[in-house]
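**Q** give the three-dimensional model of this entry:
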Amino acid sequence: MTAWQPAAAAALDALALAVLVVDRQGHILHANREATDLIERPDGALSGRPATGGCQVTRHLGARHADGRARLLALIQAACDDRHGEAGGFLQLEGGTPDEPGVSVCVSPLIDAAAPGRAVVVARLLRAQGRTEVQLRTLFGLTRAEAQVGAALARGGCLAEIAAALGISVTTARTHVARIFLKTGTRQQSQLVALVAAVQLPVAGYEAEAAPTHALRSSR
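**A** Below is the predicted model:
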């Protein structure tokens, strides 16, 4: 292990994105903290079942549903066979229950002459990240109440539903919305949705820094 590798692994763990390195068979060679959590969700769209054969215990990246597994493996194999960084692609996978969010996945080649035949898989749950309110408060100076309303608006909620969920009146919610638009320089909900999507950074919460190290993160 070179001197930069622990720092690189720590940097990947700080992302609120699942990042995995896999070989052509889908064996997981490295997974950051978010990826480990994602594939260990009981009803999650992605899975990390133990791979059969060989002397070393490894995990195999797959999907809950058969059609998703086939599509994911096809993208991985195309990316691993590519030598120009042009293969791979995107797909959306469904969770195992109606309440379980799906996953957006991007597969791309890992261009490394010293380690050919590998792909990078980046995945993210299809739901708003919990740090949206923190980012709204920090970037635009919103109050806690305004940030709660703003995050709910960015998720596509209507004003009456947001007010009911937060236990405030619709009039109060409208006041918050007016202040949100003023502070963010937007004029309507669609503009706010676009703004939040543009400024949202996939950074994990600070509490993740104290989380235990997962044994899955790397395999040789």
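**Q** what are the boundaries of the helices in this protein?
**A** 4-13, 33-39, 66-81, 132-140, 144-154, 159-166, 170-184, 189-199 (DSSP state H).
**Q** for Gly85, give me its contacts.
**A** Ser108, Pro109, Ile111 (CB atoms under 8 Å, 6 or more residues apart in numbering). For glycine as for every other residue, the C-beta is placed from the backbone atoms N, C-alpha and C.
**Q** now Leu166
**A** By CB under 8 Å, 6+ apart, the contact list for Leu166 reads Ala145, Gln148, Val149, Ala152, Ala173.
**Q** pLDDT check: weakest of those?
**A** Confidence by pLDDT is poorest for Ala152 among the contacts of Leu166, given 90.
**Q** surely that residue is in contact with Ala160?
**A** No: applying CB atoms under 8 Å, one finds Ala152 not in contact with Ala160, separated by 11.4 Å.
**Q** for the lowest-mean-pLDDT helix or strand in the chain, the distance to its chain's centre please.
**A** Within the chain, no helix or strand scores below helix 4-13, which has a mean of 81 by mean pLDDT, DSSP states H and E. Here helix 4-13 shows a centroid-to-chain-centroid distance of 18 Å under the convention CA atoms, centre = their mean, to the nearest Å.
**Q** now stretch 76-95
**A** On CA atoms, centre = their mean, the centre of stretch 76-95 falls 17 Å from the chain's centre.
**Q** can you mark which positions in that stretch are buried?
**A** Neighbour-count burial for stretch 76-95 flags Ile76, Gln77, Ala78, Ala79, Cys80, Asp82, Ala87, Gly88, Leu91, Leu93, Glu94, Gly95 (criterion: 16 or more other CB atoms under 10 Å).
**Q** tell me which residues touch the nearest residue to Gly156 once chain neighbours are set aside, please.
**A** Leaving out its chain neighbours, the residue that sits closest to Gly156 by CB to CB, 6 or more residues apart in numbering is Val193, at 7.0 Å. Contacts for Val193 (CB under 8 Å, 6+ apart) come out as Leu153, Ala154, Gly156.
**Q** can I get those in TSV including pLDDT, distance to Lys183 and neighbour count?
**A** Supplementary listing: the contacts of Val193 in TSV, determined by pLDDT from 0 to 100; distance: CB to CB, whole Å; neighbours: other CB atoms under 10 Å:
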residue	pLDDT	distance to Lys183	neighbour count
Leu153	90	13	24
Ala154	86	14	21
Gly156	81	20	11
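**Q** which one of those residues is nearest Phe181?
**A** Leu153 (9.7 Å; CB to CB).
**Q** can you tell me how far the closest one is from Val193?
**A** 7 Å (CB to CB, to the nearest Å).
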